[in-house]
Each structure stands twice: as C-alpha cells, then as structure tokens.
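S.K.: need a structure here:
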Amino acid sequence: MHLESYQIAVVGGVAVVFVVILYLLLKKRPKKESASLEVEEPKVEEEKQKNQPEEINKNSVNRTEKTQKDIEPEQKKVQEVTTEEKVEEKIEEPLQNGTPNFKTRPVPPHGKIKKEDFAQFAGMRVLLAEDNLINQKVMLGLLKDSGMDIVVANDGQEALDILAKDSDFALVLMDAHMPNIDGFEATRIIRKNPQYNHIAVIALSGDTASDDIKKMKDAGMSDTLEKPLKMDDFYDVLYAYNVEKPKTETQSPKKSETVFLDTNAGLAICGGDSDLYKELLKEFLEDYGNSGALFEQLINENKLEEADKLLLDIVGVSANLGAQELHDVASKSKTLLKTAETNLSALAETYKNSLQETVALINKYMQEN
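M.R.: Next comes the predicted model:
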C-alpha cells in the first residue's frame, strides 16, 4: 500500500511538473512571437523604403516640375517689372549717352586769376540762364570789359526761346534751379536738338554732392561751376571750352568775293540803283581806301579814341556797301580796342588785310561795270 501510494505521488508530482512546464512554455510563446514582430517591423519598413525610392523620386520630380512651372511665370513677371524699371530709368535719363563729346583744351598752370584775364576770351558768345538778379549782375560785372558777348535769359524757357532765334553760342551757363523750365529740363531739350550740338551746357549750382553732379551729367550738362562763383574755376571752364574752330582751306574766289563784297546786298540797299551804288563805292575808296595805314598809325601813337571813331565810321559805311567781312572786323576791333590785354599790332594787321581784300574787289567791280 505504501509503495503504491508512493508511486502515485511520484506520478502525480511528475504530472504537475509537466503541466507547469507546459503552461510556462505556452505562456512564453506569444511573447516571443510578439518580440519577433517588433524586430521584424523595422526590416519591413526598410524593405518598404527600399521599394519606395522610385516612387518618391517620381513624386519629387513631379513636385519639382510643378514648382518650376509655378516659378517661371513669377520669374517672368519679375523680369518684366525689372525691365520696366530699367526703361523708366532710361526715360528719366534719356540724354546720358547723347551728350556730344566736346573738344576741350587743357588748362595751363596759372596764378590767381584777375578780372582782366577774361579779355583773352573776347568775341566768345555765352548765354547766361540765371533767374537771380544779383547773380546776373555779378557775372555781367565780371565780364563787362572782356569783349565777350553775354546774353541773359531769366529762366529755362527764355533760354530756349533765345536759342531758337540765335544758336551762335559757344556755351550756355545754365542755373540748375529756375522757374517755368528748370536747368535740367532745358538742358535735356537742348541736347535733343542736333542743331545745338556745338553748344556746351555748363551747370551753375550750389549742389555739388556726387548725386547732384551725376544728375547734371545725366541731363546733358558737360561741366559744373559751383555757386558762389569762383573766378579761377570760371576762367578754367571758359579756357577749356573756348576752342578755336579749325581754319578752312582757302575759299574759292567766288565765295571770297561774296564774303568781302556782296554786291547784290549793296544794290538792294540802294534800291537797285547801280549808279548810286557805284557812286558810294567810289566815295568809300576816296575816303577810306587808305584807312588801314591810318588805323595803324593811330594805334602806334596810342590815339585810341581817334582809332575808335574811325572804326565806327567803317562799321556803318561797310554795311551799306555789302562789305560784310570788313563790317565784322571793324565791329570786333572796336570791342577789342577797349581791352587792355589786346594785341593792338595784330588788331591793326587784321583790319588792314580785310580792307585790302575789300578795296581790290571794289576796284574790280568798278572796272567791270
């Protein structure tokens, strides 16, 4: 009995142990499967990622294409706006590249400039566009004895009106800020007209900052003079732009005859009366045919008042005869005669040469008619 009981107990114990072990095995199995899943999931994700690049790249390309398609119109719009801005800039500065390249001469070293030094610019014609009366008087007072021909305009519009009637100026001294039409606009209008390409426009302004000077240059102004005017700077500008016109070759006889003696003009003044015209020519030869030697004598003897009276007579008489060249020489000589720096000997020689040409043509006309 004891043995059977022992055996039953052993078998029961083994069965219990087996059941416990089986239970433990069954309980642990789901956890292993779960752990296996957790480890395998990344592998699955990795495989998915390996299989997805082509799709992702395709999508990326599509998005890039769409983005470029969206951006291109915007870029075009930006380019159009930028182009419009550049066009607007060119419209504001249309003459920056249209300013003529004026021939200038280098200014030699010099000491302190005096009022008398401006006499060397005698005969130079300058249009002064200045609305300030005091500034006008300063300029005119400085140049009144120089022999220069200064014409004054009170604003930009008046300057344009003067040029429309008479464009024979070497320079326009242009105040930048004036009523009606300011100096900038007046200069743009001048630079648009090729008939004024021989005229340099010099700015008069108290604005000397780099931006202001650039604005003046862009408008077509060739140089700048600062206000208040400095005599040395003014002299340098006049000297630089007072370039003598190149001498032409000897004119043909026919053209020379017209310049020195325009008989058609003289006859027109006499109402077409050729006898009256020849009588006036004869009297001129008698009264002034030797005036060249007389003028030279008066110069040498420093009798400048008498020389001036002689020139005054020649100015009036020569105009009535159609002797335009002699008239111009006499008029200019009258101005230069009053200038201290004038070379009087050269002045007398110029007058004698012009008179000689005129007398020769008068004699020729008298013989032929």
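S.K.: can you pull out the helices in the stretch 251-369 of the chain?
M.R.: Assigned by DSSP state H, counting those that start in this stretch, the helices in the stretch 251-369 of the chain fall at 253-260, 263-269, 274-288, 291-300, 304-321, 324-337, 344-368.
S.K.: residue 265: neighbour count?
M.R.: 16 (other C-beta atoms under 10 Å). Just so you know, the C-beta spots here come from the backbone N, C-alpha and C atoms, and that holds for glycine as well.
S.K.: my read is that it contacts residue 322, right?
M.R.: Yes. Using C-beta atoms under 8 Å, residue 265 makes contact with residue 322 at a distance of 3.7 Å.
S.K.: tell me which of the helices of the stretch 251-369 of the chain sits most buried.
M.R.: Of all the helices of the stretch 251-369 of the chain, helix 324-337 has the most neighbours on average by mean count of other C-beta atoms under 10 Å, namely a mean of 20.
S.K.: what sits against the residue nearest to residue 329 when sequence neighbours are not counted?
M.R.: Leaving aside its chain neighbours, residue 329 sits nearest to residue 354 (4.4 Å; criterion: C-beta to C-beta, 6 or more residues apart in numbering). Taking C-beta atoms under 8 Å, 6 or more residues apart in numbering, we find residue 354 in contact with 260, 325-326, 329.
S.K.: repeat the analysis, applying 10 Å as the threshold.
M.R.: 259-260, 292, 314, 318, 323, 325-330, 333 (C-beta atoms under 10 Å, 6 or more residues apart in numbering).
S.K.: with distance to residue 117 and pLDDT added, can I get the residues you listed in CSV?
M.R.: What follows is the contacts of residue 354, written out as CSV (distance: C-beta to C-beta, whole Å; pLDDT from 0 to 100):
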residue, distance to residue 117, pLDDT
259, 32, 68
260, 34, 82
292, 30, 90
314, 29, 92
318, 32, 88
323, 34, 89
325, 29, 89
326, 30, 91
327, 29, 89
328, 25, 89
329, 24, 90
330, 26, 90
333, 21, 88
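S.K.: ok, so of the residues you listed, who is nearest residue 172?
M.R.: Within the contacts of residue 354, the smallest distance to residue 172 is 23.2 Å, found for residue 328 (C-beta to C-beta).
S.K.: surely that closest one is in contact with residue 315?
M.R.: Yes. When contacts are counted by C-beta atoms under 10 Å, residue 328 is listed as touching residue 315 (9.2 Å).
S.K.: which of the contacts of residue 354 lies closest to residue 176?
M.R.: Taking C-beta to C-beta as the measure, residue 176 lies nearest residue 328 of the contacts of residue 354, at 34.9 Å.
S.K.: how near is that closest one to residue 20?
M.R.: In this view, residue 328 and residue 20 are 142 Å apart by C-beta to C-beta, to the nearest Å.
S.K.: what about the protein, any weak spots by pLDDT?
M.R.: Within the chain, the ranges that satisfy pLDDT under 70 run 1-12, 14, 26-98, 208, 244-259.
S.K.: report the central residue of it.
M.R.: Among the residues of the chain, the one closest to the centroid is residue 220, at 2.5 Å (C-alpha atoms, centre = their mean).
S.K.: please report how far the nearest residue to it once chain neighbours are set aside lies from residue 175.
M.R.: Leaving aside its chain neighbours, residue 220 sits nearest to residue 191 (3.6 Å; criterion: C-beta to C-beta, 6+ apart). Taking C-beta to C-beta as the measure, residue 191 and residue 175 are separated by 17 Å.
S.K.: one more: residue 341?
M.R.: Residue 341 is 29 Å from residue 175, by C-beta to C-beta.
S.K.: settle it for me: which of these two has more neighbours?
M.R.: residue 175 (25 against 14).
S.K.: for that one, name its beta-bridge partners.
M.R.: residue 204 (DSSP bridges).
S.K.: show me how the chain divides into domains.
M.R.: 2-90, 115-241, 253-368 (automatic domain parsing).
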